[in-house]
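*Asks:* Next one to model:
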Amino acid sequence: MGQAFVRALHIYCEIFALQPDILLVDEIENGLYYGGLKDFWKGLIAVLEDQNVQLFATTHSRECMEAACEANKDGKTTLRYLRLDRKAKDPDTIVGTVFDDSTMASAIKFGEEMR
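*Replies:* I've put the predicted structure just below:
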């Protein structure tokens, strides 16, 4: 099996074995081929819904964010995208910007930066 399969299997096993209420995954796209991200997200969203697990995932990958948005086109699951930025004039202050599904879809459509 390839690295992408092993990565996805590892995440699924964490969900089924530990039955968490919340799952934290850092750099969720690591080891996954960008062309398979949409299918990965479709499967993951289905498992998360079935097991009633809330996912918090980090990424720097625009392709990963676009794939998650595309995989959730039916809008059945509520996805939120949070970007953290340091204020230029006060680097000790971090400001969060939240993108909902429709805002994210618009940002993707018009090429806006959301990372």
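*Asks:* give me the element residue 95 is part of.
*Replies:* Residue 95 belongs to strand 94-99 when elements are defined using DSSP states H and E.
*Asks:* The following helix or strand past that strand to strand 94-99, inter-axis angle?
*Replies:* Sequence order places helix 101-109 as the next helix or strand after strand 94-99, per DSSP H and E. Helix 101-109 runs at 90 degrees relative to strand 94-99, counting by axes from the mean of the first three to the mean of the last three CA atoms, to 10 degrees.
*Asks:* chain center to helix 101-109, what's the gap?
*Replies:* 14 Å (CA atoms, centre = their mean, to the nearest Å).
*Asks:* Please apply the same query to stretch 107-115.
*Replies:* The answer for stretch 107-115 is 15 Å, by CA atoms, centre = their mean.
*Asks:* Just the C-alpha atoms of the one helix or strand in the chain whose mean pLDDT sits lowest, please, in CSV.
*Replies:* In the chain, no helix or strand scores lower on mean pLDDT, DSSP states H and E than helix 101-109, which sits at a mean of 86. Only the C-alpha atoms of helix 101-109 are listed here, as CSV (Å, rounded to 0.1, in the frame of the first residue of the first chain):
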residue,chain,number,x,y,z
ASP,A,101,-18.7,27.2,3.5
SER,A,102,-20.1,29.9,1.2
THR,A,103,-17.3,32.4,2.0
MET,A,104,-14.7,29.7,1.3
ALA,A,105,-16.4,28.7,-2.0
SER,A,106,-16.3,32.4,-3.0
ALA,A,107,-12.7,32.8,-2.0
ILE,A,108,-11.8,29.8,-4.1
LYS,A,109,-13.8,31.0,-7.1
